[in-house]
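>>> need coordinates for the below:
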Amino acid sequence: MLRKGLLLCAVLLLAITAACGGGNNGNGNKSTTEPPASTADNGGAKETTEPAAPAGLKGEFEIQYFVGGYGDAWWKEVIDEFQKANPDLKIKQSAGPEINEQMKPRWIQGNPPDVVYIDGKGSNERQMIDDGQLLDLTEFLGSATNVDGEKLSDILISQPTAYTDGKNFTVPLVFGSWGIFYDKALFTEKGWTVPTDWSSFLSVSQQIKDAGISPLIHTGVYPYYINGGLVDSAMVAANGGDGSILTKQAALEEGSFSSDAVKTALNQIVELRDKGFIDQGSVSLNHTDSQSQWLQHKGAFIPNGLWLENEMKKDIPSGFDFGFIPSVAQSAGANNIVIPYTNTIAIAKDAKNPEAAKAFLQFAFTKQHAVRWAELTGAIMNVKADLDASSAGQVVKDAMKFFNSDKTTVAPVAVLNADVEKAKQDATLALTVGKIQPEEWIKRLEAAAAKARK
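Numbers count the residues shown, from 1 in each chain. Model (predicted):
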């Protein structure tokens, strides 16, 4: 699913056509991107226990949040609880689908809200940081606990991005993941084993091919799908599970696109290609076309983002049962690799009530509120929580089990320079159809990075 917010994060990515309703139209290569519109019932019964809240806060307190595919039910519920715990606090909610553009003059004039959820049209996290608009949260996050007494850094799935000098200015609020999707029902019917590593992925792919089905179909028109869902996790896996390979590439380090881990990952893609496991018709398919064909079992696996089920809800055949795997390129026994995308929340540097702003973050980041986020939005909040007893969708529940596991490594969010990103997409697509070999992929990316460094 395409999300506009991806194009507005840290480094401006390629301008592409948005596909779905909601905050952003997913591009997984952005540090702030939003999964798809929710199918959750925003009026669902509240089943969790309200956390305690810091009491006694006073003065005025303003929160700015974008309203898109996730809706505003979660925000209203959490803010209402925060208000009840602090009756002397005068809370103002500045929200809506155009709120970023509407609030821009106030940010420029130095009169921002206290807290801002960075997502949607008109938002640009990196620009806000570069412009000195956000508060340095490094010291606060180093020791902050939520209202349940849990250290924030211990319960976050994805840690805050470290910017210049290792400083943190934002906290990921929404968490999504790229990965490989399949139909559980089809696998059960055919007696195929769900892969857990590269060897088993190759083995079952051969069985799938022998059954007359393409093992892997992908979104060739937008190659960042196969990059996010397969190539990036393969590079991290080949790097011993060390996600710094992606941050080095984002930092345009010389040689970061030609390491042994990159070569190993690219050779895995070549192996899939040469064994005939990649549907060659994928090169001309956009996201909805590839997803539709996958739903019709013209492909058994598809690299995609966690928004997939939501985006295709109107086209899902009866009996289709979504399955999710974060990665398949790792060796047997090695950790699963999660390639994340996130949406963040921050405090304005010129906040008028920073005490209330910090207290709100401590109030919002709890397991109870993470469960409610899943129930109300159909997506995942960036907090490790048990969703089994919740009314969240099964794909989200399955994904959360991976995120909670100590056998899963969550890679850092890394954002490529826009020109380097375009070069990567073009090179990966060419690699999948045999127009180039790994050596040419590496040559193109090192050249693009060198040009960007200048």
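>>> pull the contacting residues for the residue nearest to residue 180 when sequence neighbours are not counted.
What sits nearest to residue 180 in space, not counting adjacent residues and going by Cβ to Cβ, 6 or more residues apart in numbering, is residue 325, at 4.7 Å. (Each C-beta comes from the backbone N, C-alpha and C, glycine too.) Counting by Cβ atoms under 8 Å, 6 or more residues apart in numbering, residue 325 touches 179, 180, 181, 182, 194, 195, 196, 336.
>>> any chance of the residues you listed in JSON lines, plus distance to residue 330, pLDDT and neighbour count?
Listed next are the contacts of residue 325 as JSON lines, based on distance: Cβ to Cβ, whole Å; pLDDT from 0 to 100; neighbours: other Cβ atoms under 10 Å:
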{"residue": "179", "distance to residue 330": "12", "pLDDT": "97", "neighbour count": "27"}
{"residue": "180", "distance to residue 330": "12", "pLDDT": "98", "neighbour count": "23"}
{"residue": "181", "distance to residue 330": "17", "pLDDT": "97", "neighbour count": "21"}
{"residue": "182", "distance to residue 330": "17", "pLDDT": "98", "neighbour count": "23"}
{"residue": "194", "distance to residue 330": "14", "pLDDT": "98", "neighbour count": "15"}
{"residue": "195", "distance to residue 330": "10", "pLDDT": "98", "neighbour count": "20"}
{"residue": "196", "distance to residue 330": "8", "pLDDT": "98", "neighbour count": "17"}
{"residue": "336", "distance to residue 330": "7", "pLDDT": "98", "neighbour count": "22"}
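>>> please parse this protein into its domains.
If you go by automatic domain parsing, the domain ranges for the chain are 4-176+341-410, 178-337.
>>> mean pLDDT lowest for which of those domains?
Here the lowest mean pLDDT among the domains of the chain goes to domain 4-176+341-410, at a mean of 82.
>>> follow-up on the earlier one: looking at the domains of the chain, which is nearest to residue 454?
Residue 454 lies closest, by Cβ to Cβ, to one member of the domains of the chain: domain 178-337, at 10.0 Å.
>>> end-to-end on the closest one?
With Cα to Cα, to the nearest Å as the measure, domain 178-337 spans 10 Å from end to end.
>>> do the same with stretch 59-73
Where stretch 59-73 begins and where it ends lie 25 Å apart, using Cα to Cα.
>>> repeat that for stretch 85-102.
30 Å.
>>> and the contacts of it?
Applying Cβ under 8 Å, 6+ apart, the contact partners of stretch 85-102 are 52-68, 72, 75-76, 79, 82-83, 103, 113, 120-123, 356, 359, 363.
>>> repeat that with 6 Å
Stretch 85-102 is contacted from outside by 53, 55, 57-58, 60-67, 72, 83, 113, 120, 122-123, using Cβ atoms under 6 Å, 6 or more residues apart in numbering.
>>> report the buried residues of it.
Residues of stretch 85-102 classed as buried by neighbour count (16 or more other Cβ atoms under 10 Å): 85, 86, 89, 91, 93, 95, 96, 97, 99, 100.
>>> check stretch 370-388 too.
Buried-residue list, stretch 370-388, by 16+ other Cβ under 10 Å: 370-385, 387.
>>> with stretch 447-454 instead?
If you call a residue buried by 16+ other Cβ under 10 Å, then stretch 447-454 has these buried ones: 448, 449, 452.
>>> using PDB, write out every CA atom in that stretch.
This file holds the C-alpha atoms of stretch 447-454, laid out as PDB (Å, rounded to 0.1, in the frame of the first residue of the first chain):
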ATOM      1  CA  ALA A 447      28.000   5.500  -7.700                       C
ATOM      2  CA  ALA A 448      24.700   6.900  -6.600                       C
ATOM      3  CA  ALA A 449      25.900   7.200  -3.000                       C
ATOM      4  CA  ALA A 450      29.100   8.900  -4.100                       C
ATOM      5  CA  LYS A 451      27.200  11.400  -6.200                       C
ATOM      6  CA  ALA A 452      24.800  12.100  -3.200                       C
ATOM      7  CA  ARG A 453      27.800  12.600  -0.900                       C
ATOM      8  CA  LYS A 454      29.000  15.500  -3.100                       C
END
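>>> average pLDDT for it?
The model assigns stretch 447-454 a mean pLDDT of 95.
>>> ranges for the strands of the stretch 251-400 of the chain?
299-305, 322-325, 336-347, 380-381 (DSSP state E, counting those that start in this stretch).
>>> and of those strands, who's closest to residue 276?
Among these, strand 299-305 sits nearest to residue 276 (Cβ to Cβ), with 12.8 Å.
>>> out of the contacts of residue 325, which is nearest to residue 289?
residue 181 (15.6 Å).
>>> partners of the one helix or strand that closest one maps to in the sheet?
With elements taken from DSSP states H and E, the one containing residue 181 is strand 170-183. Next to strand 170-183 in the sheet, as set by DSSP bridges, lie strand 299-305 (antiparallel), strand 322-325 (antiparallel), strand 336-347 (antiparallel), strand 380-381 (antiparallel).
>>> so residue 59 makes contact with residue 352?
No - counting by Cβ atoms under 6 Å, residue 59 does not reach residue 352; the two are 7.5 Å apart.
>>> surely residue 385 touches residue 369?
No - checked against Cβ under 6 Å, the pair residue 385 and residue 369 is beyond contact range at 8.8 Å.
>>> re the thing from before, give me the subset of the buried residues of stretch 447-454 lying in helices.
Those of the buried residues of stretch 447-454 mapping onto helices are 448, 449, 452, per DSSP state H.
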